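Enquirer: Got a sequence here, can you model it:
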Amino acid sequence: MLAIDWSVFFEPITLSIQISVIASVVVLVFATYTAWIMARKKFFGKSIIDTLLLLPLVLPPTVIGFILLILLGRRSWIGKAYESIFDGPLVFTWIAAVIAATIVAFPLAYRSFRAGFESIDPELEASARVLGASEWQVLRYISIPLSIRSLTSGYILGFCRGLGEFGATIMVAGNIPGRTQTIPTAIYIATDGGSMTMAWAWVTAMLVLSFLMLFLVNRISKD
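Expert: I've put the predicted structure just below:
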């Protein structure tokens with residue numbers, strides 16, 4: 001059995017955690033407000049928008065990756081704008097990996113956040129508005145504190161989803177060691193190349209990280 005190259009071992013782990021943290025923070029900001037709007041407001045086409053927001057939850061990651069590749073590629077206006085500013089393509093960068101992780105993590109967090117907001121008595125928010133609170137103040141001082149468990153659980157689940165993303169990531173970010181190679185892509189390449197020791201090491205790391213995150217979610221839900 002070959003020895004583990006520890007310098008190589010920690011690179012995808014560190015990068016995966018960094019990507020997942022950034023992606024989950026972005027998700028936290030956008031999913032919180034989106035979930036609150038969807039839970040509290042009535043408007044035409046609401047069910048269609050809700051379906052679109054949850055669609056990445058059921059789509060194969062390769063489909064998401066293909067769509068992102070078209071949207072972020074060098075021929076797209078996003079890709080051209082990025083390349084003109086940063087003098088390089090957007091695809092096959094760690095930023096593309098963050099975008100992929102954000103897209104796949106969003107539905108899990110959004111669903112949890114919305115369930116948390118819908119569990120709050122609307123009369124509490126209505127009372128705050130009667131007393132002169134703005135919509136932002138209602139969200140900040142009423143809705144978020146009362147649904148903090150759902151928000152925390154959704155954030156952790158989104159982090160885990162981003163951490164384990166493979167299909168979309170490898171299509172838009174590739175598998176460049178030290179730059180875009182995450183734990184799942186490292187496992188795939190190691191297995192394909194016959195490096196079973198390294199593959200087992202990364203699988204173990206992923207199992208430990210995922211177990212700890214889910215254990216934390218369960219503790220938060222029960223407390």
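
Enquirer: Kindly provide the distance from the residue positioned nearest the centre of the chain to residue 111.
Expert: The centre of the chain sits closest to residue 105, judged by CA atoms, centre = their mean, with a distance of 2.9 Å. Residue 105 sits 11 Å away from residue 111, going by CB to CB, to the nearest Å. In this view, the C-beta of every residue, glycine as well, is placed from N, C-alpha and C.

Enquirer: Any stretches of the protein with poor pLDDT?
Expert: Applying pLDDT under 70 to the chain flags residues 1-3, 222-223.

Enquirer: Could I get the full set of strands for the protein?
Expert: In the chain, no segments count as strands under DSSP state E.

Enquirer: Report the buried residues of stretch 55-65.
Expert: Neighbour-count burial for stretch 55-65, counted by 16 or more other CB atoms under 10 Å, picks out 56, 59, 61, 64-65.

Enquirer: try stretch 210-221
Expert: Across stretch 210-221, burial judged by 16+ other CB under 10 Å covers 213, 217.

Enquirer: What lies in contact with stretch 134-151?
Expert: Identification of contacts with stretch 134-151 by CB atoms under 8 Å, 6 or more residues apart in numbering yields 28, 32-33, 36, 112-113, 115-117, 119-120, 124-125, 128-129, 133, 220-221, 223.

Enquirer: how about the CA coordinates for it, as CSV?
Expert: Output of stretch 134-151 as CSV, limited to C-alpha atoms (Å, rounded to 0.1, in the frame of the first residue of the first chain):
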residue,chain,number,x,y,z
SER,A,134,-40.0,48.8,8.1
GLU,A,135,-39.9,45.5,6.1
TRP,A,136,-36.1,45.3,6.7
GLN,A,137,-36.6,45.8,10.5
VAL,A,138,-39.3,43.1,10.5
LEU,A,139,-37.0,40.7,8.8
ARG,A,140,-34.0,41.6,10.9
TYR,A,141,-35.6,41.8,14.4
ILE,A,142,-38.6,39.4,14.1
SER,A,143,-38.4,36.9,11.3
ILE,A,144,-34.7,36.0,11.4
PRO,A,145,-34.4,35.6,15.2
LEU,A,146,-37.6,33.4,15.4
SER,A,147,-36.4,31.1,12.6
ILE,A,148,-32.7,31.0,13.5
ARG,A,149,-32.7,27.2,13.9
SER,A,150,-34.0,26.7,10.4
LEU,A,151,-31.6,29.3,9.0
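
Enquirer: would you list every one of the helices in this structure?
Expert: In the chain, the helices defined using DSSP state H lie at 6-40, 46-54, 61-72, 77-86, 94-118, 122-130, 135-138, 144-146, 148-163, 167-172, 183-192, 196-222.

Enquirer: What's the separation between residue 166 and residue 71?
Expert: Applying CB to CB, the value for residue 166 to residue 71 is 19 Å.

Enquirer: Also residue 180?
Expert: For residue 180 relative to residue 71 (CB to CB), the value is 18 Å.
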